[in-house]
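> A structural model of the following input is requested.
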Amino acid sequence: MRRRELLAGLAGAGTVVAGGAIAVYGIPSTEEPEDAPDPITIETVDAPGSDAGEVTIPASDRATFIDIFGTWCPPCIEQMPALGEAYERVGDDVLFVSITNESVGDGRAITEDELVDWWAENDGNWTIGLDRRAELTERYLAGGYPSAVAIDATGTVQWSDSGVKTADELVAGIEQAIEASPGADS
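Down below sits the predicted model:
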């Protein structure tokens, strides 16, 4: 009889512990984790460091860094030297893209030539893209302009922030995404 009482006592204690865990942490989910959002393809511009064409964000083969800017935005201009330095330090390790969702061309707010001139005047020397439907901006804008976003190769945002950042802050955020990417050296 003692054995049955002991087993019943242990089972009761297990039930109490499991109930406590559920009370604290909730019922365990049986759902699959949410997949990363679908990639978005945007148009790129023929400008210093950038070729006309398309780029898909996030990249599937490496980490991605996005700078969301506006040519009308004084802090975005202030951010350009730090972006240039960050690009020089880690640009080969990531897809490094600055994007704007400004209306460009077709008699709109800014012409493509004006955008290219702005890019050259502010020493842009990496890929620049047009987010014409503001899909990337809507998905990744971190609160204001400029916004910086570092995404790992699985499509998971590892770091994002808005406002003017130093090159060291940008590189630290980008390195988080590089380190979290599959195949990254530990």
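> flag the shaky bits of this protein, pLDDT-wise.
By pLDDT under 70, the weakly predicted segments of the chain are 1-36, 104-108, 184-186.
> could I get the full set of helices for it?
With DSSP state H as the criterion, the chain has helices at 2-25, 74-90, 112-121, 135-140, 167-180.
> so which bits of the shortest one are buried?
I take that to be helix 135-140. By neighbour count with 16 or more other C-beta atoms under 10 Å, helix 135-140 contains the buried residues 135, 136, 137, 140. C-beta: built from backbone N, CA, C; applies to glycine.
> on contacts alone, who are the packing partners of that helix?
Other helices and strands packing on helix 135-140, by 3 or more C-beta pairs under 8 Å, 6 or more residues apart in numbering; DSSP states H and E, are strand 40-44, strand 63-68.
> quick check: buried residues in stretch 127-135?
By neighbour count with 16+ other C-beta under 10 Å, stretch 127-135 contains the buried residues 127, 128, 129, 130, 131, 135.
> typo on my end, it should be stretch 172-186
Neighbour-count burial for stretch 172-186 [16+ other C-beta under 10 Å]: 173, 174, 175, 176, 177, 178, 180, 181.
> follow-up on the earlier one: closest to residue 55 among the buried residues of helix 135-140?
When those are ranked by distance to residue 55 (C-beta to C-beta), residue 136 comes first, at 10.4 Å.
> so the closest one touches residue 40, yeah?
Yes. Look at residue 136 against residue 40 with C-beta atoms under 8 Å: they come within range, at 5.6 Å.
> what do those two both touch?
Residues touching both residue 136 and residue 40 (C-beta atoms under 8 Å, 6 or more residues apart in numbering): residue 57.
> pick the most deeply packed of the helices and strands packed on helix 135-140.
Comparing those by mean neighbour count (mean count of other C-beta atoms under 10 Å), strand 63-68 comes out on top with a mean of 27.
> any idea how far that one is from the chain center?
6 Å (C-alpha atoms, centre = their mean, to the nearest Å).
> pull the CA atoms of it into PDB?
Only the C-alpha atoms of strand 63-68 are listed here, as PDB (Å, rounded to 0.1, in the frame of the first residue of the first chain):
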ATOM      1  CA  ALA A  63      21.900  39.600 -43.700                       C
ATOM      2  CA  THR A  64      20.300  42.700 -45.000                       C
ATOM      3  CA  PHE A  65      20.700  46.300 -43.800                       C
ATOM      4  CA  ILE A  66      18.100  48.900 -44.700                       C
ATOM      5  CA  ASP A  67      18.300  52.700 -44.300                       C
ATOM      6  CA  ILE A  68      15.000  54.400 -44.800                       C
END
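> okay, now the domains of this protein?
Using automatic domain parsing, the domain ranges for the chain come out as 1-31, 40-180.
> deepest of the ones you listed, which one?
Greatest average neighbour count among these goes to domain 40-180 (a mean of 18), per mean count of other C-beta under 10 Å.
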